[in-house]
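In: Okay, here's the prediction I keep looking at, along with the sequence it came from:
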Amino acid sequence: MAIEDDVLVIGGGLAGATAALAAADAAPDVRVRLVTYKQSTLRHASGLIDILGYAPDSPEEGPLVDPFDALSDLPEGHPYERVGSDAVREALAFFDDVAGDAYAGDHTDANALVPTHGGTVKPTARYPVSTADGLASDDRDALLVGFETLPDFEAPLAAAHLEAAGAPFSARGATIPFPGVVRDDAKVTRYAHLLDQDETVTTGAGETGAREALATTVAERLGDESRVGFPAVLGDEHAAEVRADLAAALGADVFEVPMGPPSLPGMRLEDLLYDALEEAGVRVTSGVPVIDYETAEADAVAADGGSGGDRIERVVVDRNGTEIPYRADQYVLATGGLVGKGVRSERERVFEPIFDCHVPHAADRYDWFVDDVFGDQPYARFGLASDRELRPLDADDEPEFSNLRAAGAVLGGYDFAAEKSGAGVSLATGYVAGTRAGEEAE
Amino acid sequence: MATDTEVLVLGGGSTGCGIARDLAMRGLEVTLVERGNLTDGTTGRMHGLLHSGGRYAVSDRASATECIEENEILREIAGHCVEETGGLFVQRPEDSDDYFQEKLEGCRDCGIPARVLSGREAREVEPYLAEDVKRAIEVPDGAVDPFRLCVANAIDAETHGARVETHAEVVDLLRDGDDVYGVEVRHESGPGKRTHAAAGTTEEITAEYVVNATGAWAGEIGAMADLEIEVRPSKGVMTIMNVRQVDTVINRCRPKGDADIVVPHETTAILGTTDEEVSDPDDFPEDQWEVDQMIDTLSELVPILEEARTIRSFWGVRPLYEPPGTGTQDPTDITRDFFLLDHADRDGVSGISSIVGGKFTTYRAMAEEISDHVCEKLGVNASCATADEPLPGSEDIATLEAGMDDFGLRSPVARRSKQRLGSRASEVLETDEANPVICQCEGVTRAEVCDAIDQSGTDLNAVRIRTRASMGNCQGGFCCQNMANELHPEYDEETVRAALDELFQERWKGERHALWGEQLSQAMLNYALHATTMNRDRDPAGEPTTIEFADFDGGA
């Protein structure tokens, strides 16, 4: 007996979660299910919500103040062009609603510039509240604090880099031991846990809570600065409380600088999304890969593909070696790009592994890259082409399936890393794909 | 006339560093100059095979005998650079029985311990060998870290008073009539350790005697003093796998051919190679088909290579040479023996010799012979000690392994650190400072990175070759940044940024040849981390335009 739903979303990252939430929101009576295989790539991500940081055709003009202004100039085939700029705004408003007061930035259309752990600044549309006091357009002086045992963030170097970037404030860095961390290679989650639980730690001054001990160590270095930045390890479940306690003890605002993987802001965003999914009544099945599909004719067509415009009848999920059919009316493919493995490659080809949807790419793999590491990389644009309904298109520009839509990094035709548009495209396409799927399933 | 140094060695590869160490140990005043990093030319671009001599046992017995002798010496004096993997010459059903027999007899005639294994026995040693492998000859091939070995020679030369200048390119040979008396070099960032963004300088260095040990570049150096040295550079590709599919060196037992060896090397396995003459050692095509050929052909020996993950490919250039008049067409037929060209005898120009040909395994013997020649020229009576004196790091490996605690490091990290550092481990790792892991893939800690920075300045590629940091699966995507962080505060922000950019681009260079499957996914992740999370591709600190910060969101 197949599992029966109305909308089935494959993929549990930002795009998949948004699609599932949007489907449930658009059609409250439909049954929505989300299946995910591995941990989502959100733990790799900074947790910032970028819409568009640079115009793809003229990045030399510098970061865009208003990302929405530039949407209409995007080339044909760009996911934003497919869904239209109104949908981008609606998707962002939808996200603002889901995120509630966990995110900031919705008071203005202008991008924010957020300091990165490398010391430069990055344009983004929404940011976790934990980073709000760190904005680079804010002209208050800042003390950046790094930890001896956390080599990813060298605070004095980051401070010097911010000044080299022209930030309108003075930044100073200090490196301190983290009270209570005894191992030199503790994971970032250990730092967060110590603060979350306010564990008792031993310092030169005796035993205190981790928050107080950290504040005391920082206070000795604090000068006139009215804000203090830390690498993004300030708690997990109780992050707001940790930040508030540190701020009270220091008499200064406290912010986090987003970090590379594993990223706590990314994980917090993931938690936020999964709480919202539960609240919206979306069924979530995790840890299982989708391995196959069948079309309405019940032909197992799998990897060699069916004819254009077929209707997907059901997909097959592998649960510990047992093949279980999942049937739905509408499907959303949100399995990620090259990083999330929604797009894969071999020496001779680039492909989408579940439905074998067409992925445009050069035949010769030496045309997949350029020699400058930050040049205009063709591989960064790998992914599915789609119509304006976000249905993946085959090599003849016909929809691959009538009831399959794609969202997020599995879509091609844009370079999210260069544009700083990854989260925005996931939101906009997830929102549109989910909404349409919900409406059609009704 | 007073000179700056007694002997000037040109070239910081294994031969040059070996000569510098040998002469310095004999008490001579030595200066070595190298265009790039140590190992930048041929030495850093080899497959890491410590030859048993088996490879040459049929075609080039003089080289074979020399290899096994040096192989045994290096195990003694450079234990921390050598892994005694053993090697197999593997015969497939289509490979000739006669050649197999010739190889076996050749090994025995040259004093190379050799034993025949049945196909089944060979697969017991290496389970991933193809099922139809017929039989194999077991020989004492090994794996050697050319970076570590070359650097150890340079460090020991310095300990014995030598001056070693990297990033010092020879721009002219100083010749007065029929005498070469020195060189002019261009220091990329002034003499001493390299510092990014520091201004360059030039320097004339005079010497009583000059040794041209620049290998494939020997002809270009010679031309600066109108000396004709006809080296025949020959390129070869190597492809690096992300894990060790084999723990033994696997050679194909057939006369000659491309893609016939797999060398386990640290955490990786290296597939090699091709042999094709090129006209310019600095500019030759790096072709896709060469990479594909490595995988396709070697999969006949080790079938899982077909599906395995490669992390990068690189090309090296052999400094082949044969005496004039031999007329060999195929570079694989040119002897691997080396030649000392005394330009006084050959060209009537005194004060300089060139050393060409040869191979990594016999670098020490080459250095000994050249050093003897130099001593004779300078009338110095001193004998060679390099066959007996261990290199720094290899002085007392057995005691080290037995008695050393783990410096507070998790055991895999400690084990790998100790392997790399050898007897220097205590000196480097014993620290009261926090010592977190900087490179997760290779288990390299801050103390080891800082030790390498002390040796080499802001050149993170020099740090890389000393530590292996950034050489694992992620190819630096996760750790380049952390390596650069360790340069601060000794070096300023702009210098650190330039050093990071250089390393990140260098890591990309080799990775481009491995861009499919898992490694393409890794490349995209690396790109996303550096471009998206850090915005390093549009870093305003490096851009000409300034940002109007006030126009952006300043907070609610």
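Out: That came through fine. Please read these numbers as outputs of a predicted model, since none were measured by experiment. Numbers count the residues shown, from 1 in each chain, chains lettered A, B, ... in the order given.
In: which parts of the helix or strand where residue B:345 lies are buried?
Out: Here residue B:345 sits within helix B:343-347, counting by DSSP states H and E. Residues of helix B:343-347 classed as buried: B:343, B:347 (neighbour count, 16 or more other CB atoms under 10 Å in any protein chain shown). No exception for glycine: its C-beta is placed from N, CA and C like everyone else's.
In: Run through who's touching that helix.
Out: Where contact means CB atoms under 8 Å, 6 or more residues apart in numbering or on different chains, the residues beyond helix B:343-347 that reach it are B:180, B:227, B:228, B:349, B:350, B:351, B:352, B:353, B:354.
In: what sits against the closest residue to residue B:295 other than its chain neighbours?
Out: Leaving aside its sequence neighbours, residue B:295 sits nearest to residue B:305 (CB to CB, 6 or more residues apart in numbering or on different chains; 5.8 Å). The neighbourhood of residue B:305, defined by CB under 8 Å, 6+ apart, consists of B:241, B:245, B:262, B:271, B:295, B:298, B:299.
In: ok, the contacts of helix B:343-347 vs chain A, which is closest?
Out: Closest approach to chain A among the contacts of helix B:343-347 (CB to the nearest CB): residue B:354, at 33.8 Å.
In: Assumed that closest one was part of a helix.
Out: No - read with DSSP: H, G, I helix; E, B strand; the rest coil, residue B:354 is strand and lies in no helix.
In: got the contact list for it?
Out: Residue B:354 makes contact with B:211, B:212, B:213, B:218, B:221, B:222, B:227, B:229, B:340, B:341, B:343, according to CB under 8 Å, 6+ apart.
In: would you list the contacts of residue B:305 in TSV and tack on pLDDT, secondary structure and neighbour count?
Out: TSV is the format used below for the contacts of residue B:305 (pLDDT from 0 to 100; DSSP: H, G, I helix; E, B strand; the rest coil; neighbours: other CB atoms under 10 Å in any protein chain shown):
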residue	pLDDT	secondary structure	neighbour count
B:241	97	strand	27
B:245	97	coil	22
B:262	98	strand	32
B:271	97	strand	30
B:295	97	helix	19
B:298	97	helix	25
B:299	97	coil	17
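In: For the stretch 151-300 of chain B, just list every one of the strands.
Out: With DSSP state E, counting those that start in this stretch, the ranges of strands along the stretch 151-300 of chain B come out as B:163-165, B:168-176, B:179-187, B:201-212, B:232-241, B:249-252, B:261-265, B:268-272, B:276-277.
In: Enumerate the positions of the longest one that are buried.
Out: In terms of neighbour count (16+ other CB under 10 Å), strand B:201-212 has its buried residues at B:203, B:205, B:206, B:207, B:208, B:209, B:210, B:211, B:212.
In: which residues does the closest residue to the first one other than its chain neighbours bridge with?
Out: Nearest residue to residue B:203 in three dimensions, chain neighbours excluded: residue B:185, at 5.5 Å (CB to CB, 6+ apart). Beta-bridge partners recorded for residue B:185 (DSSP bridges): residue B:170, residue B:203.
In: Let me know whether residue B:185 touches residue B:173 as I believe.
Out: No - in terms of CB atoms under 8 Å, residue B:185 does not count as a neighbour of residue B:173; the distance is 10.7 Å.
In: so the lengthiest helix in chain B versus strand B:232-241, what angle?
Out: When chain B is parsed with DSSP state H, its longest helix is helix B:493-511. Inter-element angle recorded for helix B:493-511 and strand B:232-241: 90 degrees (by axes from the mean of the first three to the mean of the last three CA atoms, to 10 degrees).
In: Any buried residues in helix B:493-511, and which?
Out: For helix B:493-511, the neighbour count (16+ other CB under 10 Å) marks B:493, B:495-504, B:506-508, B:510-511 as buried.
In: Any residue of it touching chain A?
Out: Yes - using CB under 8 Å from any CB of the partner chain, helix B:493-511 reaches chain A at B:493, B:494, B:496, B:497, B:504, B:505, B:508, B:509.
In: what distance separates that helix from the centre of its chain?
Out: 20 Å (CA atoms, centre = their mean, to the nearest Å).
In: moving C-terminal of that helix, what's the next helix or strand?
Out: Counting by DSSP H and E, what follows helix B:493-511 is helix B:517-527.
In: does any bit of that following helix sit next to chain A?
Out: Yes - contact of helix B:517-527 with chain A (CB under 8 Å from any CB) involves B:517, B:520, B:521, B:523, B:524, B:525, B:527.
In: Am I right that the first one is in contact with residue A:343?
Out: Same thing as residue B:517. No - in this structure, residue B:517 is not within contact of residue A:343 by CB under 8 Å, at 11.7 Å.
In: Tell me which of these two has more neighbours.
Out: residue A:343 (28 against 16; other CB atoms under 10 Å in any protein chain shown).
In: State the phi and psi torsions of the more buried one.
Out: With angles defined as degrees, to the nearest 10, residue A:343 sits at phi -120, psi 130.
In: next one: residue A:418
Out: phi -70, psi -40.
In: so what's it up against?
Out: Residue A:418 neighbours (CB under 8 Å, 6+ apart): A:54, A:56, A:59, A:374, A:376, A:380, B:531, B:537, B:538.
In: Of those, grab the buried ones for ChimeraX.
Out: Applying 16+ other CB under 10 Å to the contacts of residue A:418 leaves a buried subset, and the ChimeraX line that selects it is:
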select /A:54,56,59,374,380 /B:531,537,538
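In: pLDDT below threshold where in the chain?
Out: Picking chain A for this. Along chain A, segments meeting pLDDT under 70 span A:1, A:297-308.
In: Please refer instead to chain B.
Out: Residues of chain B that meet the cut-off, pLDDT under 70, sit at B:1, B:397-406.
In: what helices or strands is the lengthiest strand in chain A leaning on?
Out: Ranked by number of residues, the top strand in chain A under DSSP state E is strand A:312-319. Judged by 3 or more CB pairs under 8 Å, 6 or more residues apart in numbering or on different chains; DSSP states H and E, the packing partners of strand A:312-319 are strand A:290-295, strand A:322-327.
In: tell me which residues of the next helix or strand after the last one are tucked away?
Out: Think strand A:322-327. Sequence-wise, the next helix or strand downstream of strand A:322-327 (DSSP H and E) is strand A:330-333. In terms of neighbour count (16+ other CB under 10 Å), strand A:330-333 has its buried residues at A:330, A:331, A:332, A:333.
In: give the contact list for the first one.
Out: Taking CB under 8 Å, 6+ apart as the criterion, residue A:330 is in contact with A:6, A:7, A:8, A:23, A:403, A:405, A:436, A:437, A:438, A:440, A:441.
In: Spatially nearest residue to it (excluding sequence neighbours)?
Out: Nearest one to residue A:330, counting by CB to CB, 6+ apart, is residue A:437 at 3.8 Å.
In: Same check on the last one?
Out: When the adjacent residues along the chain are set aside, residue A:333 lies closest to residue A:406, with 4.6 Å between them (CB to CB, 6+ apart).
In: related to what we said a few turns ago, and the residue nearest to residue B:203, how many neighbours does it have?
Out: Neighbourhood size, residue B:185 [other CB under 10 Å]: 25.
In: Alright, I will stop here.
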